[in-house]
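> For reference, the sequence and a predicted model appear below.
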Amino acid sequence: MKFKTFLSALQEFNDKDFLMASLAASALVTMADGIISAKEKQKIIRFIDGYEQLAITSMDEVISTFQGFVSQIESDRDVGEAKAYAIVRKIKDNPEHARLLVNMIIAIGFADGHFDEQERIIVTKIITALGLVPAEFEL
């Protein structure tokens, strides 16, 4: 999916579950290689801040929520990841939301200029958790 097409689709959503799933999935992907780059953070903020439809809460709360997911993963990877995947699965019943989320996290994975193996593994797990097929996203 081209970035402009993705952004156009993103404008149609105003859903707290989608926002939370986006932040949880973003934390999983950005933590995959153990380093959250500034470019990855900027990409997440651009997705959320740039679209009123996802700005259903303050940017401070969005950043705090994202950091909360990251902190949970850092303090206990297994528990933090389990909590994040549980939030992601909340949008499983909406295939349109699920596909849009996957395209978003792939873009975040590429934000630092490369989509490394650890990020690919996490994205594949998220795709599977959403009941989708990795091949659909060329993974």
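Structure's in. What do you need?
> drop to CA atoms for contacts and neighbour counts, all remaining ones
OK.
> Neighbours of Thr124, how many?
20 (other C-alpha atoms under 10 Å).
> Tell me the buried residues in the helix or strand harbouring Val62?
In the assignment (DSSP states H and E), Val62 maps to helix 59-75. Buried residues in helix 59-75, counted by 16 or more other C-alpha atoms under 10 Å: Val62, Ile63, Thr65, Phe66, Gly68, Phe69, Val70, Gln72, Ile73.
> Of all pairs in these, which one is the farthest apart?
The span of those, defined through C-alpha to C-alpha, is set by Val62 and Ile73 at 16.9 Å.
> for this protein, which spans come out with low pLDDT?
1-14, 50-56 (pLDDT under 70).
> What are the boundaries of the strands in it?
Counting by DSSP state E, the chain has no strands to list.
> can I get the buried residues of helix 59-75 in JSON lines with distance to Pro134?
Shown next, in JSON lines, are the buried residues of helix 59-75 (distance: C-alpha to C-alpha, whole Å):
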{"residue": "Val62", "distance to Pro134": "28"}
{"residue": "Ile63", "distance to Pro134": "29"}
{"residue": "Thr65", "distance to Pro134": "27"}
{"residue": "Phe66", "distance to Pro134": "25"}
{"residue": "Gly68", "distance to Pro134": "28"}
{"residue": "Phe69", "distance to Pro134": "24"}
{"residue": "Val70", "distance to Pro134": "24"}
{"residue": "Gln72", "distance to Pro134": "26"}
{"residue": "Ile73", "distance to Pro134": "24"}
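> now, which of those residues sits nearest Lys92?
Distances from Lys92 to the buried residues of helix 59-75, taken by C-alpha to C-alpha, are shortest for Phe69, at 19.2 Å.
> so the closest one sits right up against Gly80, yeah?
Yes - at 6.8 Å, Phe69 counts as touching Gly80 under the criterion of C-alpha atoms under 8 Å.
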